[in-house]
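Student: Sequence first, then the predicted structure:
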Amino acid sequence: MSSSSYSTIGTRRDWLHWTSCGLGGSALLSLLLRDGIVRADPVPGEANDAPPHHPARAKRVIHVVACGGVSQVDTFDYKPELVKYHGKSLSSDEKPDVFFGKVGLLRQNDWEFKQRGASGLWVSELFPHLATQADELTVIRSMHAETSNHTPATFQENTGFRLNGFPVMGAWTSYGLGAETDELPAYVVIPDPRGLPAGGSINWTNGFLSAKHQGVMVRSQGTPIDDIYPARPLPVATERASAELLTLLNERHRREHGDEIFAARMHSYELAAKMQRVVPEVTDLSRETAAVQQSYGIDGSATDDFGRACLMTRRMLEAGVRFVQLFSGGAFGSPRINWDGHENMVQNHGQEAARIDKPLAGLLADLRRRGLLDDTLVLFTSEFGRTPFTQSEANVVGNGRDHNQYGFSVWMAGAGLKHGLAYGATDEIGMRAVEDRVHWHDFHATVLHLLGINHERLTYYHNGIRRRLTDVSGHVLKGLLA
Amino acid sequence: MALRIPLLVALALASTAAAVGAAEVDSFATTVGPLLAKRCAGCHNGVEKNGGLDLTRRETMLTGGDSGAALVPQQADVSLLWQRIVADDMPPKNPLPKAERAVIEAWIARGAPWQGGALDPLAHTSEQRAGYDWWSLQTLQPIVPPKSSPRARNPIDAFIEQKLTAAKLAPSPEADRRTLIRRAYFSLIGLPPTADDVAAFVVDSDPQAYDKIVDRLLASSGYGERWARHWLDVVRFGESQGFERDRLRTNSWRYRDWVIEALNRDMPYDEFVRLQLAGDVLRPNDADALIATGFLTAGPWDEVGQKQQSAAMKAVVRQDEIEDLVGTVGQTFLGLTVNCARCHDHKFDPIRQTEYYQLAAALAGVHHGEPQLPAAAVAKKAAALREPIAARLRALESRLAEIESPHRSKILAERKEKGKKSAVPQPIAAWDFQNGARDSIGDLHLDLKDGSYVRIGMLHLADGYAVSPPMSKRLGAKTLEVWVQPLDLNQRDGGLFGVQSLNGSKFDAIVYAEQSPRRWSAGSNGGRRTQDFQGPEETTRSDFVHLAFTYDEDGKIAAYRNGRPYGKPYQSSGLTFFDEGNGQVIIGARQLPSAPERRLRCAVDRARLYDRALTPDEIALSAGLDVDIVSEAELAARIPAAELTERSSLTFERTQLREALERVADAKVYAVAPQSPAKTFVLHRGNPGDPRELVAAAGTVSLKGVAADFGLKTDAPDADRRRRLAEWITEPRNPLFARVIVNRLWHYHFGVGLVDTPNDFGFNGGRPSHPELLDWLAGELIRSGWSLKHIQRLIVTSAVFRQSSQPRADAAQQDAGNRLLWRKSPQRLEAETLRDTLLQLAGALDPRPFGPGFYDFSTYVRNSQFYDMRDVEGPTFDRRTIYRTWVRSARSSMLDVFDCPDPSTKTPQRAVTTTPLQALSLLNNSFVFRTADRFAARVEQEVGDDRQRQVAQVFRHTLGRTPDEAESAACEPFVEQHGLAALCRVIFNGNELLFVD
């Protein structure tokens, strides 16, 4: 081989030669792209009954998945009665069927609640930074789930079904809407760097939809996307000549055979070249000012990981990604690296919230500042909540809380929502959703609605059924909509 | 069989043509009855009475529902039935067409005469749903192939020609020889023909040459490997539990092997299916039959769900499991989506909710498990599987020795020179039980508790334990060393030997079977410093085991068993200190107070405590190993970087091979472990909390020709249920069983089935493009004694399969989707075929069949099992991709981008997508670079360094042809400048390689 200049993995290079048409002026183009003056071609969705079914309020989604079960009574569901009943047992006729079967005494919230902002929304001191954005939040306090078993509950949170093998919300969105760009995947996943959630890639599966709707894992450190760069360094001249030769051979073949699929595959190499150019730009956080980085908590402290994920998320949305899913927390076990505070709520939720509170607040503020919050939907969900009583012997106020599927809180922010709103309610101790109860199907129907999709019309035929994200139910939560 | 025209269509045709004649309306049985059944009875029947109204019987019509009488004979205008129809209220959303209204009106006017009993809402197909007259449910009809042209090669062609002629389309000419042989190879064995195969075939003038190749391919072992992969897609075969824990199933490979072998043997399809449903019942004591039931357990299993406290939630988990199973059985064998009837009658097909539960009852005894196989059968299989693994292990060990030994001898030589002999280290306390329970070094003499005693130089701990007085020195880093023999290998959670603070709030102890059965771990207070070492399980209790656990200053904890590293050391949350006067030694329990179930029942021969973490060689010496041990750290520091990489890859492979040897001998298999079936009730709205009627195992009545009644009671044993289910499904008169499988075969050979929804022959599925052909093939399958190979031979040797793939404008205009088969549509290589092809081109493909699958990940358990994908290298991984281990959460990005399905999803047909990520993967993945290098090296070896010959050889191997002038002109200078491997990489990415014409 000739010894021309070797480029190294991870640096930018001239990839345009993979394209048969040759875009030219790549530097200028990328500047224009970055400034939003031009945008790459959108990629249409695949759905038969193509959305929009009605005008969309949101164009894109950020979904923060807090793994393990966030305690509603310590975060967004203020229950003064719980303070009163602290140390008391549940009324005698109530024997909740909890996961570990241990029903201790009631425990008051460990973090003080305050009314925030102009709206007066209750947010606890667990999220002091996020609390400053309370007027952006739309809290649903009346969620309920079908199971208190983590993984089936997480599957349902993401797919509507308790079983493995159904497509997740991001995959459905990619299927319905495609992407705003052909330079990046429609659906991107950023796991918690401490570890993948339980079930790993099952959590971003395409299920029965075609594989291109699977979430593409993007790392905040190292090679951002699998195989984005050659596994070994190659001379630039070799890459260029290889591209030309491939184009030549494919073009001869296509002329003889003429099927559309062959042209489509050639085109996919052009897109690949674009992706190789754009991905390093989008994932390069050093392009952001120190002040912006600071506002996301990128400062080497506990907020650093999630801050990077959040900032990368904003950059990807700007570049045209449709759906970014961020994980707060990994799998289960010891030591705990997610929100599953069975043993010690103060330690566990304290540790987890400290990682994400400032970055979330920074993200919302930045999105608002840039006008992106007007057509971006932000979701913060957890597979279920936690019990208002502790997981301990019956006569003890323990330190941890068990899983609670009967009532819990999630929040949304951004496009098309009434902000500073608390929707629905649980009973006086925060145990069960009693008012305006919301099932995941309703939640999903609402998300799709905001994206301009009628959840009953986004379907995919699979093994006998026109499948939907919302199975055979789901109601749009009109009360949340602006 | 002729397609039956749904009655309603006939009716509509008849009635729109002219005013309704008296003859048509005369018969209640042929007009009014079907109309009411189709249009009204779906929501107003004996079971589902919307508005309290039942319109399936005249009496209940007269009685009416909540709004009063629905029918007043002879007075349509006061009949509520008629009023709602006229007002367009009913049927909701789908008002009745004029002609049908006329039928109803006339019928009421005539006094609403009724013949026969209650109407069955499922009797007839309508625009909304299928009835019992649905095409796929009718018995197979004997079909005589139509007359064919001389062009036809077998009866298949006659059916295809008939349709083409009707559409005024000509078939395409036969493909060229090169395309033909390539097509046959990929379709039947999933690998390309060699350059020589192609060359020989192209010039072979024997008219039987093609048929001979087909016979050879059908007889090759590659056939089963190719077609088993299709089957595994359909049955959503995965080798891990899925859900939260996703534990690896280390012995489910036996089911995969069984499928390959059965297909290769051309096991009659009915037997193939019977064994998968009930092999354990039909052939007790037959290892293969038991392995076949791996079908029943191929799907995910919710380990955590089974363990949760809530009985109600456990019931939901079980019902979800059953639904998945009923769905898989129904769709795989019958193309019936029975699972859709879990909560209500099937919305589209004539399947009652009760029938779902009858099928659920047939499978109610099925549980996941790891039953034991007969030892002799395992040994016999192991004998064949072991040697290739052992051979590779030997080769690998010798290469490792080659890398390591110069460095090892150097290190030892240096050690000698320095006079630094590894000495047996000095403990701070030691108990040899020769003199009671005294500490032979210091003053930590043990106090024997709860009946523990010392005899014949051993400490016997049946239920008791032993504890020392407080230690006078502070203890931080330490080593716990002990020789032990557990009394029972299946006991759990027992503490063996450790140090605790006096109040028991802190402790470090060697414990048995706490993290997982039969394994040792470093127990600690609250599990804070505890992780699973993942060492091997204890298997015999005959000998004393030497254990040593080291606790390093930096928090690292390592374990050794009989002087060798045990599992993997790990970094704990930090070292714990036991202050002076506050620590004590404890043997037989982990901390005080000690619950009896936390005590290890065992005999202890010796125990020693050290105040530092011993080195591996010190431990080896202490354990009595007569070897000079060089530590990993010492070696790693000496070996050059390039060899270090190779060594790391070799040691990864070695671990797997050692494990593979154990897996080969493992006498268990992941398969059905039946239990006495729980009672099966119809669950109202699918809710386990709302059981209704008790049901017995039975089939669905909608299948013509086979009796749905299994003749079983509601408490029939599992064996009877599954035997009857298997018989019912595989009964030759079952109309769906043969149709569904011949359609699958067609689907894989052509890319699209005659029915384009292979798992769904119901209302929502596709209609057959060639119904007579489908039935003829189904009949032919039965006539051939259920030989799949017979059907495939017919398909692959037919003229329609041998057609050219060239698109034609005239035909494309009329039938772009090619449903009439005027050409052979090109098919893209599947992910596995692509990988196998590159390996074969590289000359690297290891053709060894069967045995434990390879892992392209490293894995560890931290409560759940995790999988880190790894770029694997070495002959162990150069096997056909079907021998990959298919973990549900360990998906390979390169296979995924080429549409490998989620192993949790039943996949009757794979998507074929084209994405930039796919292009990036095929350009940039290290596997592609490696195979391109090896392929280039192979070509260089074959033809030397002449550029022209190299390029020609690359084309011959990959595409089965020589390059034309323009291609040579482009490729040769390219090779000159960028190397042959670069050309191979380009060809790998080319459409001509990736598609089979």
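Tutor: Perfect, I can see it now.
Student: for chain A, what helix or strand is lowest in average pLDDT?
Tutor: Least confident helix or strand of chain A, by mean pLDDT, DSSP states H and E, is helix A:26-34 with a mean of 43.
Student: measure A:Leu377 to A:Leu326 for me?
Tutor: Plainly put, A:Leu377 is 14 Å away from A:Leu326 if you go by Cβ to Cβ, to the nearest Å. Where C-beta positions appear, they are placed from N, C-alpha and C, glycine not excepted.
Student: Quickly list what's touching both of these two.
Tutor: Counting by Cβ atoms under 8 Å, 6 or more residues apart in numbering or on different chains, the common neighbours of A:Leu377 and A:Leu326 are A:Ile62.
Student: Can you report how many residues neighbour the closest residue to B:Asp605 other than its chain neighbours?
Tutor: In this structure, B:Asp605 finds its nearest non-sequential neighbour in B:Trp483, 3.9 Å apart by Cβ to Cβ, 6 or more residues apart in numbering or on different chains. B:Trp483: 20 surrounding residues under other Cβ atoms under 10 Å in any protein chain shown.
Student: B:Trp483 is in what secondary structure piece?
Tutor: Element membership for B:Trp483 (DSSP states H and E) is strand B:478-486.
Student: what residues does the next helix or strand after that strand touch?
Tutor: Using DSSP H and E, the helix or strand that follows strand B:478-486 towards the C-terminus is strand B:494-501. For strand B:494-501, contacts defined as Cβ under 8 Å, 6+ apart pick out B:465, B:471, B:475, B:478, B:480, B:482, B:484, B:486, B:506-513, B:523, B:547, B:578-579, B:582-592, B:594, B:598-602, B:604, B:607, B:609.
Student: Repeat the analysis, applying 7 Å as the threshold.
Tutor: B:475, B:478, B:480, B:482, B:484, B:506-513, B:523, B:578, B:582-592, B:598-602, B:607 (Cβ atoms under 7 Å, 6 or more residues apart in numbering or on different chains).
Student: Let's verify the closest residue to B:Pro142 other than its chain neighbours: helix, strand, or coil?
Tutor: Excluding its sequence neighbours, the residue lying closest to B:Pro142 (Cβ to Cβ, 6+ apart) is B:Gly779, at 6.6 Å. Per DSSP: H, G, I helix; E, B strand; the rest coil, the local secondary structure of B:Gly779 is helix.
Student: out of the contacts of strand B:494-501, which are inside helices?
Tutor: Taking DSSP state H, every one of the contacts of strand B:494-501 sits outside helices.
Student: A:Ser71 is in contact with A:Phe384, isn't it?
Tutor: No - checked against Cβ atoms under 7 Å, the pair A:Ser71 and A:Phe384 is beyond contact range at 10.3 Å.
Student: B:Gly851 touches B:Arg663, doesn't it?
Tutor: No - assessed by Cβ under 7 Å, B:Gly851 is found out of contact with B:Arg663, at 8.2 Å.
Student: and the stretch 201-350 of chain B, which of its residues are near chain A?
Tutor: Residues of the stretch 201-350 of chain B found near chain A (Cβ under 7 Å from any Cβ of the partner chain) are B:242-244, B:246, B:300, B:302, B:304-305, B:308-310, B:312-313, B:316, B:320, B:324, B:331, B:337, B:340.
Student: try it again with 6 Å
Tutor: By Cβ under 6 Å from any Cβ of the partner chain, the part of the stretch 201-350 of chain B that sits against chain A consists of B:242-244, B:300, B:304-305, B:308-310, B:312-313, B:320, B:331, B:337, B:340.
Student: go on, the stretch 501-650 of chain B?
Tutor: So the stretch 501-650 of chain B meets chain A at B:Gly527 (Cβ under 6 Å from any Cβ).
Student: where do the helices sit along the stretch 501-650 of chain B?
Tutor: For the stretch 501-650 of chain B, the helices defined by DSSP state H, counting those that start in this stretch occupy B:616-622, B:632-638, B:641-665.
Student: can you put the ones you listed in JSON lines and add mean neighbour count and mean pLDDT?
Tutor: Formatted as JSON lines, those follow (neighbours: other Cβ atoms under 10 Å in any protein chain shown; pLDDT from 0 to 100):
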{"stretch": "helix B:616-622", "mean neighbour count": "22", "mean pLDDT": "83"}
{"stretch": "helix B:632-638", "mean neighbour count": "13", "mean pLDDT": "83"}
{"stretch": "helix B:641-665", "mean neighbour count": "16", "mean pLDDT": "92"}
